[in-house]
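K.L.:
Compute the structure for the input listed below.
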Amino acid sequence: MDEKQALIVDDHPVIRESLKQVLQQTFPPLLIRDSPGTEDVLEEICSYPWTFVTLDINMPGENGLNIVRKVQGCCPHTPIVVFSLFPEDQYTSRALRAGAAAYVSKTRSVLELVQVIKSVLRGEKKSGEPITQFALSTRETEVLRLLAKGLDREEIATSLGIHEKTVSTYRTRLLQKLGARTTVDLVRYALEEGLLE
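P.N.:
Numbers count the residues shown, from 1 in each chain. Have a look, this model is predicted:
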């Protein structure tokens with residue numbers, strides 16, 4: 001039971017396999033297991049102290065959000081990241097109320113899902129705030145990368161063809177999303193995520 005493992009629950013084998021490969025590469029110390037989410041999925045989740053679980057909502061058996069609620073009764077310390085096709089603006093708050101650590105739409109890239117999982121594992125969830133905030137848009141990532149390279153607002157604005165005021169707005173949004181206080185914190189995050197490579 002000392003071996004650290006994570007679990008992917010999804011009824012689509014292609015999604016399970018692709019997620020498994022990416023997560024195994026991203027989290028090499030973990031053994032990544034997968035499940036099609038059959039009727040005994042609750043027992044499966046509660047039978048082991050998973051480092052984290054990714055869970056789809058729309059499965060053949062019980063609704064994923066009901067499973068999340070039930071998991072809170074048997075293993076409330078297991079972080080569940082709901083990864084489903086439904087829009088984030090409609091389902092994030094529902095997932096969090098059910099007890100999920102985060103909600104990520106399948107319209108996002110797998111790399112964004114990985115970002116969210118890393119944030120969950122760092123314990124960066126804010127009470128009542130969706131962890132999906134940590135999944136950055138392409139433009140936010142561009143601004144973060146340039147900030148981390150030491151460019152000032154004017155240089156970033158010129159580089160991206162946007163107004164300086166817009167750069168300030170992106171910086172403020174990055175601070176909020178990443179739970180950072182200063183630009184130094186943003187630089188540290190960019191380094192940890194390999195954005196300068």
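
K.L.:
Relative to residue 7, how far out is the nearest residue to residue 113 once chain neighbours are set aside?
P.N.:
Once flanking residues are discounted, residue 113 sits nearest to residue 104: 5.0 Å by Cβ to Cβ, 6 or more residues apart in numbering. All C-beta atoms are positioned from the backbone trio N, CA, C, and that covers glycine. Going from residue 104 to residue 7 by Cβ to Cβ, to the nearest Å gives 16 Å.

K.L.:
which of these two has more neighbours?
P.N.:
In terms of neighbours (other Cβ atoms under 10 Å), residue 104 is the more surrounded of residue 104 and residue 7; the figures are 29 against 22.

K.L.:
My guess is that one contacts residue 85. True?
P.N.:
No. Contact criterion Cβ atoms under 8 Å: residue 104 and residue 85 do not qualify, at 10.7 Å.

K.L.:
domain ranges for this structure?
P.N.:
Domain assignment for the chain by automatic domain parsing gives 5-126, 138-192.

K.L.:
Mind putting the ones you listed into CSV with mean pLDDT?
P.N.:
Formatted as CSV, those follow (pLDDT from 0 to 100):
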stretch, mean pLDDT
domain 5-126, 87
domain 138-192, 87
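
K.L.:
Break down this protein into its strands, ranges please.
P.N.:
Assigned by DSSP state E, the strands in the chain fall at 5-9, 31-35, 53-55, 80-84, 102-105.

K.L.:
Let me have those strands in JSON lines, extended by distance to residue 117.
P.N.:
Formatted as JSON lines, those follow (distance: least, Cβ to Cβ, whole Å):
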{"stretch": "strand 5-9", "distance to residue 117": "8"}
{"stretch": "strand 31-35", "distance to residue 117": "11"}
{"stretch": "strand 53-55", "distance to residue 117": "8"}
{"stretch": "strand 80-84", "distance to residue 117": "6"}
{"stretch": "strand 102-105", "distance to residue 117": "8"}
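
K.L.:
that older thread, need the winner for burial among the domains of the chain.
P.N.:
Neighbour counts (mean count of other Cβ atoms under 10 Å) averaged over each of the domains of the chain peak at domain 5-126, with a mean of 18.
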